[in-house]
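> quick one: sequence and predicted model below, then my questions.
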Amino acid sequence: MFETMSMEIEQLLAKLTEVNDRMSEYTNSVSSLSPSAALLHTLQRHRDILQDYSHEFQKTRTNISVCREREDLLGSVRREIDAYKNSSGLNRRTDMYLKEHEHLRNSDRLTDETINIAIATKENLMSQRSTLRKITGSMTNMVNRFPVINSLVQRINLRKRRDSIILGSVIATCIILLLLYAFH
């Protein structure tokens, strides 16, 4: 049942992705005539919503899989305990080999899932990096178009650097005082 629901949600997410792609194509065709900030904002909002849905789905699916695996593992441990109590001495060695094989298989499956999670995380980070690069490029274009915004951004960056230096010096002073207090 979980697999069918998961497949249905994946299909719905694929349809939503397709709708977002069509919206993007429409926005690109319309924006070539006259760019509309409201239209671009709406498109970005829909992309963010799709990304949130996809992220939540992946997280929920992973949590459910982990819970199912935990239950399987606990169930196998209970079965092993019952089998151990009921087994005779002759079959004990064979049962132990089978148990060890099952443990290795479970460990292998968990390792594969961990690798898959790491790959998914890497892909997510790469997509975030490309999104941030696009945002940086559009901000650079806007700053180049409007010199007033450029000077405002420079002032903001100057204040940010100043605040960072002040904060760094306060933290360094606190650490030095803490070390002096700790060693004396």
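That came in fine, so what should we check first?

> quick check: what element follows the strand or helix carrying N141 along the chain?
Here N141 sits within helix 92-145, counting by DSSP states H and E. Once the chain leaves helix 92-145, the next helix or strand it forms, by DSSP H and E, is helix 147-183.

> now the angle between helix 92-145 and that next one, please.
130 degrees (axes from the mean of the first three to the mean of the last three Cα atoms, to 10 degrees).

> state the distance from the most centrally placed residue in the chain to H46.
For the chain, the residue sitting closest to the mean C-alpha position, by Cα atoms, centre = their mean, is T121 at 5.2 Å. According to Cβ to Cβ, to the nearest Å, T121 and H46 sit 24 Å apart. Every C-beta, even on glycine, is put in place using the N, C-alpha and C of the backbone.

> also E10?
E10 is 19 Å from H46, where distance means Cβ to Cβ.

> tell me how many other residues surround the nearest residue to N144 once chain neighbours are set aside.
Closest residue to N144 apart from its sequence neighbours, by Cβ to Cβ, 6 or more residues apart in numbering: N150 at 7.2 Å. Counted with other Cβ atoms under 10 Å, the neighbours of N150 add up to 14.
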